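S.K.: Model the following, please.
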Amino acid sequence: CRLTSLDMLFIIFDISVWYVVWEGKKVMKKAISVLLAASMVFGLAACGQQKSSETKAAGETKAAGESKAEGQSEAGKDGAGWKIGGIGPVTGGAAVYGLACKNAQQIAVDEINAAGGINGYKVEIEFDDDEHDAEKSVNAYNHLKDWGMQMLLGTVTSAPCIQVSNESVKDNMFQLTPSGSSPDCIANSNTFAVCFSDPQQGEKSAEYIGSHKLATKIGILYDSSDVYSSGIHDSFVANAEKNGLQIVADEQFTADNKTDFNIQLQNIRNAGAELVFLPFYYTEAALVLKQSKDMGYSPIFFGCDGMDGILNLDGFDKSLAEGLMLLTPFSADAKDEKTQKFVAAYKERFKEVPIQFAADTYDGMYAIKAAAEKANLNPSMSVEELGTAMEKAMTEIKLEGLTGTITWNADGSPSKEPKAVVIKDGAYQSIEN
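M.R.: Predicted coordinates:
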């Protein structure tokens, strides 16, 4: 039974009016008594009616809920469902990477849900923009925690990933980065990676160039202010000599000076480099290719996964990238059924060819599914419980993915074989084909 404050105020007001009108008269006491009695009767009647309505409504709600639960598979028998977050740049200079990851995660989740979900529970996702900014990435992580995130497929780029991992480890939330390649991304026990690490990319690039005898005299241009670029550079240099490579020029730039590369390119040219190794992102690489062409210098250019996406750069003349090679575990023109199905679905939905970042994320979503099913997890478990179980299960699965056959080491790093692609006629082509 509930009388509102407004009900009581009206009762008091009525009493006050009677008192003012009838003060000093003998009928005052009787009038007040009658009013109070009437008010109480009315209040009790209203309360009884309200309680009866609430009881009826509760019964109807329960019946409706039972009816819905019987035929509902959308979120599992107990109404629960998985909430898996994503974080990456969907605006700003690195948006090509974040959008690719966001799109591929949605494709994978749609497929998983259509097939019955993860252990019978459907998956809900939410992807937050971090603009390739570490502070904004942490803010996105906190926002997704408020949303109810249980696992994180992110972040997309290395510097934000490192900061988010330092937060997620405090919650023991399982984190799988599709493309954060710095070794520090997986320094915490709760974080795993789908992509090669920076040292792996540098090592594998040197091995590939040497074993395929692409060139012997190598020039390097890298971003010394960026952890991704520096990490690949250092590993490449350490592995160059044993793969028969001679580094004739080692040039650098920084984030404060990344628009004019003419001096560095001239130094590399003068040193006689036959191949120029470019371990940095496609936005700067597009400028390098343009300035190299303007000076009439046309060596072999070789990049890593950060180069992927250059063909999707707005306003970029694709002819400048003709012959550009890059090391990647994914080729959109591969002939296997899994790749062709994914590429067709991606192109139909998003009107462009998927890049490696998309493939890494797609594999990452299926890795989460495989590990959760290996450990027989369900969404009613706590974030801490899920994190501990996922760390163990990830080392026990083998995934036949778009980026190869993948297993995971206890340190969070993946094991798989790299591939190389070359750009011909404005499209990626596998060199192995």
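
S.K.: hey, where'd the strands end up in the stretch 151-300 of the chain?
M.R.: 151-154, 174-177, 191-193, 217-223, 246-253, 275-278, 300-303 (DSSP state E, counting those that start in this stretch).

S.K.: out of these, nearest to K351?
M.R.: strand 151-154 (23.3 Å; C-beta to C-beta). In short, each C-beta sits where N, CA and C put it, glycine included.

S.K.: Direction included, what does that closest one pair up with?
M.R.: Partners of strand 151-154 in the sheet, by DSSP bridges, are strand 82-88 (parallel), strand 174-177 (parallel).

S.K.: quick revisit: could you dump the strands of the stretch 151-300 of the chain into CSV and include mean pLDDT, mean neighbour count and distance to K392?
M.R.: Compiled in CSV, these are given as follows (pLDDT from 0 to 100; neighbours: other C-beta atoms under 10 Å; distance: least, C-beta to C-beta, whole Å):
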stretch, mean pLDDT, mean neighbour count, distance to K392
strand 151-154, 98, 29, 14
strand 174-177, 98, 30, 11
strand 191-193, 98, 26, 12
strand 217-223, 98, 24, 37
strand 246-253, 98, 18, 42
strand 275-278, 98, 24, 38
strand 300-303, 98, 22, 36
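
S.K.: What segments of this structure are helices?
M.R.: 5-22, 28-71, 95-114, 134-147, 158-171, 198-211, 227-240, 262-270, 282-294, 337-350, 356-374, 383-394 (DSSP state H).

S.K.: mean pLDDT lowest for which of those helices?
M.R.: For these, mean pLDDT drops lowest on helix 28-71, to a mean of 38.

S.K.: Quick check, A375 in contact with M394.
M.R.: No - using C-beta atoms under 8 Å, A375 is not in contact with M394; the gap is 9.3 Å.

S.K.: the more surrounded of those two?
M.R.: M394 (24 against 21; other C-beta atoms under 10 Å).

S.K.: So the more buried one versus N190, what's the distance?
M.R.: According to C-beta to C-beta, to the nearest Å, M394 stands 10 Å off from N190.

S.K.: With K258 instead?
M.R.: 34 Å.

S.K.: So if I had to pick from these two, which one is more boxed in?
M.R.: For K258 versus N190, the count of surrounding residues by other C-beta under 10 Å is larger for N190: 23 against 17.

S.K.: can you give me phi and psi for that one?
M.R.: Phi and psi for N190, reported as degrees, to the nearest 10, are phi -90, psi -10.

S.K.: ok, it - contacts?
M.R.: Residues near N190 by C-beta atoms under 8 Å, 6 or more residues apart in numbering: 165, 168-169, 172-175, 387, 391.

S.K.: So what's the residue count around the spatially closest residue to A321 that is not a sequence neighbour?
M.R.: In this structure, A321 finds its nearest non-sequential neighbour in I423, 4.6 Å apart by C-beta to C-beta, 6 or more residues apart in numbering. By other C-beta under 10 Å, 21 other residues sit near I423.

S.K.: likewise G92?
M.R.: 13.

S.K.: Could you measure from the residue nearest to it when sequence neighbours are not counted over to T155?
M.R.: Spatial nearest neighbour of G92, excluding adjacent residues (C-beta to C-beta, 6+ apart): E131 at 4.3 Å. Taking C-beta to C-beta as the measure, E131 falls 11 Å from T155.

S.K.: what touches both of the two?
M.R.: By C-beta under 8 Å, 6+ apart, no residue touches both E131 and T155.
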